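Enquirer: Starting from these lines, generate the structure:
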Amino acid sequence: MTEVLENVLHGVEVVLGIGFLIFVHELGHFLVAKRVGVRVETFSLGFGPRLVGWRRDASGRIGLGFGAPRPRGPREEDYTDYRLSLVPLGGYVKMVGESPDEDLLGEAHEFPTRSIGERAAILSAGVTMNAIFAFVAIVVAFQAGVMFQPPVVGTVRFGEPAQEAGLQVGDRILAVDGTPVIDFSGVAVEVALSDLERGTTLTVERDGRVLEMPVYPAYDPQHGLPTIGADGEQDLRVEAIFGLGQPGGEELAPARGLVAPGDRLLAVDGVPLGGWTEFEGLVRTRPGVPSRITVRRDGRDLMVEVTPAADLKPEGSPFATQRLAVYWGGVHQIVAVTPDMPAARAGLVPGDWVVGLSGQRMEWPALRRGIEQSGGRELELLVERAGEGDEAFRTERVRVKPAHDPEQRVARIGIEHAPEARIAAFAWEGGPAQAAGLAPGDRVIAVDGHPVQTGRDMNQWLATSWSEGREVEVEYLSGGTPGETRRTRVRPRAAGVLGVVPERHMALVRVGFIEACARGSRYALTMVKQIFLTLKKVVTRDVDSKSIGGPILIARASFQFAQHGLATLLFFLGILSLNLAVLNALPVPVLDGGHLFFLLIEKLKGSPVSQGTLAVANYVGLVLLLALMVFVTYQDITRLLPQ
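Expert: Sure thing, here's the model as predicted:
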């Protein structure tokens, strides 16, 4: 019940917080309009029918009313109707003479009769108030203490740009391309806005030393953004429990009913846990093995016995990664060529090994970067292909001109490829391959007598010719170099999983007033830059539009921030207010920036824009705005649906 009440309270905080942002914006318009003498008929929070409101009558007394307001009587024209309306997705201030279809008398209290400067002041006041509120909110939040996920690397995914660049678990990222970051989400945003072909530079602190680390982000089609394949630190506190889909459609949920959201994981079979990665590694090596997990729940330490399930339907990883706990690396073999793409036109065929570029031998990560960053220039690839007679392989130089891939945002040559069956690293400690004595650098050449060339061959063999629990004989070259062939027995097995989702590791950041002002200024300027870069990249399709969020995502994010305290929620509302200020300042009809744009035209041409032109522009702007709202809301809903 306590958790339910806390969630209700957080929900109320979110509604009041977002409502306050709207109030601040409209208050800016209202105060300046009153100051310059424009009569304000309505001040509304929300759109649509009036739910409740108040207005002074002719005697000056305040009258509260529900539903539609009563008609204005004599001597009540100067009084504003303050109301709460049905649709809480915004708000508005209605000034006399603001609508083009009003009958105007040319009186001083009408909006169109005021000077261009006064009208511009009224229209820009909402944006100004949002910007002021954003700065104040961020400064106050920094003083009170904000919860951030520190920019410390918690996981580095194998084969991703971060791993290729040498980023390590425990590295603290100080800046991205010279822009300081204070949390891991800031790292993700700066990376997403970076140039895929030019790459980016991470300023990293490691063991007291500061390193400058070039990294080349890769486009992630799932999220529609460039990423580097690294995540922040995870906490040992459980955020959620989920079920595991298995062959046949059944679902396994080993932890459900035993481990609960909010539990803090302390130990496995009496072994204290140092972090989430350690816990995950222990679970992976124990499929079907009952394990005693110590958790802290509501201030008490409890021991629960949970049996990790064998994940028979791994998602997101090759079969061999899950069954042998290895990652493959080295040079890559072409397994398919896309017709009418540069590789096909250059004569590359399946079975060719791409081993270098511009006369230099290199492994795939460096070679891939060379192709992606070619900018359409012709390249010379080193290719090994089957020889003739006694010659096992012959090396040839193949000239190819990469083509720009608009979906992936980089240059491509049109090949599907697979790494050689060389062990590059272990996916986790204590896995089957490591237990059998295999080591990084070893190259598998056969399994149960079946020849193997690539990691893909090994994956396919395990998926089609091997049954769970059976031991296999692996033939390999130690260190991958030609020489004595060795053999070992390996018992592949599925990884153990519990279906437990960790919370992000969060840390409190609290500073004094002077430092809060400095950080608030830097953060606000960085946010403005990020907003404009994001808009630019959405328009140029360098960032996928599916990464944009709408009201549902805003509400969810607000709720999550509220769970970390009022100061963290206030910080998020400050960011939201800054976004509102920038977006409202855009020269789009129906937005404040659109109205200011028409005032600029009026100033330049010496007369107002015609009512017909204004009506058409506002109609088009409204349609575009509604279409955008529908689109982002649809995107939000699809995020909530099961994938």
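Enquirer: any idea which helix or strand comes after the worst-scoring helix or strand of the chain on mean pLDDT?
Expert: Lowest by mean pLDDT, DSSP states H and E among the helices and strands of the chain is helix 551-562, with a mean of 52. Using DSSP states H and E, the next helix or strand after helix 551-562 towards the C-terminus is helix 566-584.
Enquirer: Could you check the angle the helix or strand following that next one makes with helix 566-584?
Expert: Per DSSP H and E, the first helix or strand lying C-terminal to helix 566-584 is helix 592-605. Angle of helix 592-605 versus helix 566-584, following axes from the mean of the first three to the mean of the last three C-alpha atoms, to 10 degrees, is 30 degrees.
Enquirer: helices or strands next to helix 592-605 in the packing?
Expert: helix 116-144, helix 611-640 (3 or more C-beta pairs under 8 Å, 6 or more residues apart in numbering; DSSP states H and E). In short, each C-beta sits where N, CA and C put it, glycine included.
Enquirer: least reliable of those going by mean pLDDT?
Expert: Lowest mean pLDDT within those: helix 611-640, a mean of 61.
Enquirer: And residue 516, which helix or strand is it part of?
Expert: Taking DSSP H and E as the definition, residue 516 sits inside helix 513-539.
Enquirer: Contacts only, for residue 88.
Expert: 15, 19, 45-46 (C-beta atoms under 8 Å, 6 or more residues apart in numbering).
Enquirer: so what's the backbone phi/psi at residue 510?
Expert: The phi/psi pair for residue 510 (degrees, to the nearest 10) reads phi -130, psi 130.
Enquirer: ditto for residue 343
Expert: phi -60, psi -40.
Enquirer: Equivalent analysis for residue 115, please.
Expert: Dihedral angles (degrees, to the nearest 10) for residue 115: phi -70, psi 160.
Enquirer: Centre of the chain to stretch 327-337, how far?
Expert: Its chain's C-alpha centre and that of stretch 327-337 lie 29 Å apart, by C-alpha atoms, centre = their mean, to the nearest Å.
Enquirer: buried ones in that stretch?
Expert: 327-335, 337 (16 or more other C-beta atoms under 10 Å).
Enquirer: and which of those is nearest to residue 270?
Expert: Nearest to residue 270 among the buried residues of stretch 327-337: residue 327, at 30.7 Å, using C-beta to C-beta.
Enquirer: State the distance from the closest one to residue 147.
Expert: Using C-beta to C-beta, to the nearest Å, residue 327 is found at 34 Å from residue 147.
Enquirer: Likewise for residue 183?
Expert: Residue 183 is 9 Å from residue 147, where distance means C-beta to C-beta.
Enquirer: So those two - more neighbours on which side?
Expert: Neighbours per residue, other C-beta atoms under 10 Å: of residue 183 and residue 147, the larger number sits with residue 183, 21 against 17.
Enquirer: Which residue comes closest to that one once chain neighbours are left out?
Expert: Nearest residue to residue 183, sequence neighbours excluded (C-beta to C-beta, 6 or more residues apart in numbering): residue 148, at 3.8 Å.
Enquirer: what sits opposite that neighbour in the beta ladder?
Expert: When bridges are called by DSSP bridges, residue 148 pairs up with residue 507.
Enquirer: Contact partners for residue 608?
Expert: 112, 602.
Enquirer: per-residue confidence for it?
Expert: 79.
Enquirer: By residue count, tell me the biggest strand in the protein.
Expert: For the chain, the strand with the greatest residue count under DSSP state E is strand 40-56.
Enquirer: for the next helix or strand after it, packing partners?
Expert: Note on strand 40-56: by DSSP H and E, the next helix or strand toward the C-terminus is strand 62-66. Contact partners of strand 62-66 among helices and strands, from 3+ C-beta pairs under 8 Å, 6+ apart: strand 40-56.
Enquirer: The strand it packs on: which residues count as buried?
Expert: The neighbour-count check on strand 40-56 (16+ other C-beta under 10 Å) flags 40-46, 50, 53, 55 as buried.
Enquirer: which strands and helices sit next to it?
Expert: By 3+ C-beta pairs under 8 Å, 6+ apart, strand 40-56 packs against helix 2-36, strand 62-66, strand 81-95.
Enquirer: Dump those to TSV, plus distance to residue 364 and mean pLDDT.
Expert: Shown next, in TSV, are the helices and strands packed on strand 40-56 (distance: least, C-beta to C-beta, whole Å; pLDDT from 0 to 100):
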stretch	distance to residue 364	mean pLDDT
helix 2-36	47	76
strand 62-66	69	76
strand 81-95	49	80
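Enquirer: Of all those, which one comes closest to residue 212?
Expert: Using C-beta to C-beta, the nearest of the helices and strands packed on strand 40-56 to residue 212 is helix 2-36, at 39.0 Å.
Enquirer: Tell me which residues touch residue 337, please.
Expert: Contacts of residue 337 (C-beta under 8 Å, 6+ apart): 343-344, 348-350, 414-416.
Enquirer: returning to that earlier point: put together a markdown table for the buried residues of stretch 327-337, with distance to residue 494 on each row.
Expert: Formatted as a markdown table, those follow (distance: C-beta to C-beta, whole Å):
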| residue | distance to residue 494 |
| --- | --- |
| 327 | 17 |
| 328 | 19 |
| 329 | 23 |
| 330 | 26 |
| 331 | 29 |
| 332 | 27 |
| 333 | 27 |
| 334 | 31 |
| 335 | 26 |
| 337 | 34 |
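Enquirer: In strands only, show me those residues.
Expert: Using DSSP E, these in strands are 327-329, 332-335, 337.
Enquirer: which residues touch the residue nearest to residue 183?
Expert: Going by C-beta under 8 Å, 6+ apart, the list of residues near residue 148 reads 182-183, 506-507, 509.
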